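J.: Only the shape, not the letters, is given here:
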Ligand code: GUN
Ligand code: ZN
């Protein structure tokens, strides 16, 4: 059964950076003021176009869901996030290495308990959807139970998600350690169980070089060889003390990325979070191997890690996606990440164009995860994971946006001031998965639930 969604359509078919700059973002930007998005059987997009052209051609009985005055966009793609850290977001006082020891490892130790994992995964997925994020590349904890829990919840909600069990066999408390051997066998079992099942994919997930022995990294590389479709997900060059530690732990490596390269971890499906302090050779190897950087602006500011050089990534032609890095990042909202990304580039004397920013959070993220044939844009055949944005979501936003004179200005204001309140609805495969429209039932109202 087809459903038609009416509203302002906004989506990208390419990187605005490479498609010619203009006030309206060039050919890459598609903006239909009064459009119609047709979603058919199985939640795939059937047609996209002007409301006035398509409305007369709809088969009899097609329901039209009216989101006029709001913006329909592909859902956000979060290229780096930790679901076990949901409960410790906004932890005070420290930078990366101390933050891991003080806040992160104790919380992650709870995820040996499958039921606990399910509970937090439910909360996590709800929070993603409330913020308009429909796909994410997700760290579990070291415990395979954490990944079983996450995938079970994501599968029930029909979400397109990529996740993996952390591999870490040193420099952490016993409660969050595996061994090289168990990390290999447990990851392998999880791949066999989950990879490619429904909308789920697996990412081999060594935490970062300091918490893996060279043997464990080699075994991560072996998994990539044995299962060619799986992803590699880790951290890279985030914090100066971390980089110094890697140098000390791996004296025979040329630089941080070389540690991963020697283990065979680079490639098209390899996503490295942060990459703030990369040298030229690291960038060259990232580009040559078509590896990806997940830029995590909120986290980089919150943990005081540094100012990401987006221009350098563009110069080398490295694919970049945006990650919230919750709980190092202090928000689930892609808008908060984009606002922080803009400010980071300001401190580097670079302007992050609002079209480019939204591209990075949607199709750019899908490309970073090699999923751009399925999600990230509105084209017939793609999966209908989309969001409905309300530029008048709050009284103040209505006041501010009424003064916008162009689409670019409106989008910049939304990128900068937007948050979960702007996400009026989130659809997964064409079905409503979240809405801010309150359906107050009399009983709840009388109990004072609202
Ligand atoms: N490096 C190693 N582990 C982590 C983590 O959990 N968060 C962040 N931001 N960086 C890391
Ligand atoms: Zn992280």
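T.: That came in fine, so what should we check first? None of the values given here were measured: they were computed from a predicted structure. Numbering: from 1, shown residues only. Ligands and ions are numbered 1, 2, ... in the order given.
J.: right, and the helix or strand after the longest helix along the chain?
T.: When the chain is scanned for its longest helix (criterion: DSSP state H), the result is helix 114-130. Scanning forward in sequence from helix 114-130, with DSSP states H and E defining helices and strands, the next element found is strand 133-139.
J.: And the next helix or strand past that following strand?
T.: Following strand 133-139 in sequence order, the next helix or strand is helix 144-156 (DSSP H and E).
J.: which residues sit against the helix or strand following that next one?
T.: Once the chain leaves helix 144-156, the next helix or strand it forms, by DSSP H and E, is strand 160-164. Judged by CB atoms under 8 Å, 6 or more residues apart in numbering, the contacts made with strand 160-164 from elsewhere in the structure are 83, 134-140, 147, 150-151, 154, 187, 190, 199-205, 231, 233, 369, 371, 374-375, 383, 385. Quick note: C-beta positions are derived from backbone N, CA and C, even for glycine.
J.: mean confidence for strand 160-164?
T.: Summarised as a single mean, pLDDT over strand 160-164 is 99.
J.: Could you list every helix and strand in contact with the following helix or strand past that strand?
T.: Later in the chain than strand 160-164, the nearest helix or strand by DSSP H and E is strand 166-167. Using 3 or more CB pairs under 8 Å, 6 or more residues apart in numbering; DSSP states H and E as the contact criterion, the elements in contact with strand 166-167 are strand 200-206, helix 214-226.
J.: Pairing partners for strand 166-167, with directions?
T.: Using DSSP bridges, the strands paired with strand 166-167 in its sheet are strand 200-206 (parallel).
J.: Can you check the pLDDT for residue 23?
T.: The predicted structure scores residue 23 at 60 on the pLDDT scale.
J.: now residue 17
T.: As predicted, residue 17 sits at a pLDDT of 87.
J.: Check the burial of it by counting its neighbours.
T.: 18 (other CB atoms under 10 Å).
J.: Okay, now the unreliable bits of this protein?
T.: In the predicted model, the chain carries pLDDT under 70 at residues 19-25, 439-450.
J.: just to revisit the earlier point, what would the helices and strands packed on strand 166-167 look like in TSV with mean neighbour count?
T.: TSV is the format used below for the helices and strands packed on strand 166-167 (neighbours: other CB atoms under 10 Å):
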stretch	mean neighbour count
strand 200-206	26
helix 214-226	19
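J.: how would you label the residue positioned nearest the centre of the chain: helix, strand or coil?
T.: When the chain is reduced to its mean C-alpha position, the nearest residue by CA atoms, centre = their mean turns out to be residue 78, at 0.6 Å. Of the three states, residue 78 takes strand under DSSP: H, G, I helix; E, B strand; the rest coil.
J.: Look up phi and psi at the single nearest residue of the chain relative to ligand 2.
T.: For the chain, the nearest residue to ligand 2 under the criterion CB to the ion is residue 325, separated by 4.4 Å. Note on residue 325: backbone dihedrals following degrees, to the nearest 10 are phi 50, psi 30.
J.: Might you report the residue contacts of it?
T.: Applying CB under 8 Å, 6+ apart, the residues near residue 325 are 80, 81, 82, 273, 274, 294, 296, 298, 299.
J.: Quick check, the second one in contact with residue 326.
T.: Yes. Here residue 81 reaches residue 326: they are 5.2 Å apart, a contact under CB atoms under 8 Å.
J.: and for those two, which residues touch both?
T.: Counting by CB under 8 Å, 6+ apart, residue 81 and residue 326 have no contacts in common.
J.: Now residue 432. Nearest residue, chain neighbours left out?
T.: What sits nearest to residue 432 in space, not counting adjacent residues and going by CB to CB, 6 or more residues apart in numbering, is residue 425, at 6.2 Å.
J.: Spit out the contact partners of that neighbour.
T.: When contacts are counted by CB under 8 Å, 6+ apart, residue 425 is found next to 67, 387, 388, 432, 434, 435, 436, 437.
J.: what does residue 287 give?
T.: Taking CB under 8 Å, 6+ apart as the criterion, residue 287 is in contact with 316, 317, 318.
J.: can we see that at 10 Å?
T.: Contacts for residue 287 (CB atoms under 10 Å, 6 or more residues apart in numbering) come out as 313, 315, 316, 317, 318, 319.
J.: What residue, apart from its backbone neighbours, is nearest it spatially?
T.: residue 316 (4.4 Å).
J.: how close does that neighbour sit to residue 285?
T.: From residue 316 over to residue 285 the distance is 10 Å, taken as CB to CB, to the nearest Å.
J.: can you check residue 77 too?
T.: To residue 285, residue 77 is 24 Å away according to CB to CB.
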